[in-house]
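Q: what's the 3D shape of this:
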Amino acid sequence: MPETPAQTVSAIPDLADIESARQIVARVAQPTPIETSRFLAEVLGSDVLLKLENLQRTGSYKIRGAYYRMSRLSAEEKTRGVVAASAGNHAQGVAFAARELGIKATIFMPLGVALPKLQATRDYGADVLLRGHTVEEPLRAAAEYAATTGAVLIPPFDHPDVIVGQGTLGLEIFDQAPDFETIIIPIGGGGLISGVASAVKQRAAADGRQVRVIGVQAANAAAYPPSLEAGVATEIRTSATIADGIAVAKPGILNFEIIRQLVDEIVTVSEADIARAILVLLERAKLVVEPAGAVGVAAILAGQISNAGKTVVILSGGNIDPLLMQRVISHGLAASDRYLKLRIMLPDRPGQLARTSEIVAEANANVIEVLHTRHGGGMQLSEVELELSVETRGPEHRAEVVEKLREAGYDPRLVLD
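A: Reported below is the predicted structural model:
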């Protein structure tokens, strides 16, 4: 990363402040496990450790920064209550922290928020108000609420206390795996990576060594690469992404300054990469991880990380809507060449459906869904259209199924979801 002006150096929190915050954060945030992954180690070519912050209370690391920020409010500020805006993890972190500290919390969430996240936030005791269809509208509503009621706005990432609170995760990682060489961290607005990078870079320097920090963004919401190129936090137009937890259009101001000083590299991953990572974590590690929390693993699987040495990957959250999980698994299977959807035109005579199913079975594949119709644009009166959804074992098996159908005289066409 480019050198930064001297006036931005103060944005980096002192290691002593993060160490002090750790004692406060420990009141609510439990130490989460760190586990090895043989599968990912084989992919990367070096040891890989998974930091399981998806098992944290409230399901993500967010409780660290939210609790530390709110613990530092004055008695008078606490009586005014707090307000926040979020589509998920920050909302739950603020609601939980407020309950523990005896503070009234009001959370603005978008109308389309996943029901499990909405219910969890309410269960922690917060008043939840639904506004708009994007995160921007609840953010505006929360700011207006703070201005009119005096409630203290708790930002999701762009505040010194939030950054320090998230940095406590870096100290925990150092205790569990002191000899790591690289750490991979999801990036949205930048709260987690700016805190953790501050902690691990200073802790490593105190030990007389260096560590490498790599950030990962979803390609459809990657504000940091253009911002770093421009030298200033820049707002972008985001596209839809399953990694909604890191879908932030503009970097935090404080976070940006820290990241451009301390983060060594930022990479991006596609939607298919993220879906594949969630599936790998389910199958290989038996872990439920939300899309935003899985982007570090996605970067390894996509070949975006090299020469890493012993590597820690932070799985930042596990709050995923079961309905989204269902779709992601299907997408991940397709991205791994283990799910195949084919469209085949057949002559309209008895036995054709049975014959195609028989060919698939002979190739040791499994038909899981069939759509058979005589109605469709461009079809002849003597034709029917067959759409087959098939489970396969990987790229070679997938190609074998298609070839068997072609050898039988059919013309299967791949359908892309």
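Q: Can you show me the strands along the stretch 201-350 of the chain?
A: Listed in chain order, the strands of the stretch 201-350 of the chain (DSSP state E, counting those that start in this stretch) span residues 212-218, 265-269, 311-315, 339-347.
Q: looking at these, which is buried most?
A: Burial among the strands of the stretch 201-350 of the chain, expressed as mean neighbours by mean count of other C-beta atoms under 10 Å, is greatest for strand 311-315, which shows a mean of 28. For the C-beta atoms, the positions are set from N, CA and C on the backbone; glycine is no exception.
Q: Next, the angle strand 212-218 makes with it.
A: Orientation check (axes from the mean of the first three to the mean of the last three C-alpha atoms, to 10 degrees): strand 311-315 against strand 212-218 gives 40 degrees.
Q: Tell me the confidence at Arg393?
A: At Arg393 the predicted local distance difference test score is 85.
Q: Please disregard the earlier target; I meant Gly132.
A: The score at Gly132 is 86. That number is its pLDDT.
Q: Could you verify that it is part of a helix?
A: No. The assignment for Gly132 by DSSP: H, G, I helix; E, B strand; the rest coil gives coil, which leaves it out of any helix.
Q: count of neighbours near it?
A: The criterion is other C-beta atoms under 10 Å. On that basis, Gly132 has 17 neighbouring residues.
Q: Phi first, then psi, for it.
A: For Gly132, the backbone dihedrals are phi 70, psi -180 (criterion: degrees, to the nearest 10).
Q: what about the residue nearest to it when sequence neighbours are not counted, neighbour count?
A: For Gly132, the nearest residue in space outside its immediate sequence neighbours is Pro110; the separation is 5.6 Å by C-beta to C-beta, 6 or more residues apart in numbering. For Pro110, the number of neighbouring residues by other C-beta under 10 Å comes to 21.
Q: cool, Ile193 as well?
A: Using other C-beta under 10 Å, Ile193 has 33 other residues around it.
Q: isn't it right next to Ile187, touching?
A: Yes. Counting by C-beta atoms under 8 Å, a contact exists between Ile193 and Ile187, whose distance comes to 5.2 Å.
Q: Now the common contact residues for the two.
A: Residues touching both Ile193 and Ile187 by C-beta atoms under 8 Å, 6 or more residues apart in numbering: Gly215, Ile259.
Q: List the residues that contact Arg38.
A: Neighbouring residues of Arg38 by C-beta under 8 Å, 6+ apart: there are none.
Q: what about it, distance to Leu50?
A: Per C-beta to C-beta, to the nearest Å, Arg38 is found 11 Å from Leu50.
Q: ok so, going back, turn the strands of the stretch 201-350 of the chain into CSV, columns for distance to Ala16.
A: Conversion of those to CSV gives the following (distance: least, C-beta to C-beta, whole Å):
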stretch, distance to Ala16
strand 212-218, 20
strand 265-269, 28
strand 311-315, 23
strand 339-347, 51
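Q: ranking those strands by mean pLDDT, which is last?
A: Mean pLDDT values for the strands of the stretch 201-350 of the chain show the minimum at strand 339-347, a mean of 85.
Q: what does it contact?
A: Outside of strand 339-347, the residues that reach it under the criterion C-beta under 8 Å, 6+ apart are 330, 333-334, 352-353, 356, 365, 379, 382-392, 398, 401-402, 405, 410-417.
Q: What pairs with that strand, parallel or antiparallel?
A: According to DSSP bridges, the neighbouring strands of strand 339-347, each with its direction, are strand 383-391 (antiparallel), strand 413-414 (antiparallel).
Q: Nearest approach to Pro251 belongs to which of those?
A: When the strands paired with strand 339-347 are compared by C-beta to C-beta, strand 413-414 sits nearest Pro251, at 38.6 Å.
Q: Go ahead and confirm Ala151 touches Val83.
A: Yes. With contact defined as C-beta under 8 Å, Ala151 reaches Val83; the gap is 4.3 Å.
Q: Now do the shared contacts for those two.
A: Counting by C-beta under 8 Å, 6+ apart, the residues touching both Ala151 and Val83 are Thr106, Tyr145.
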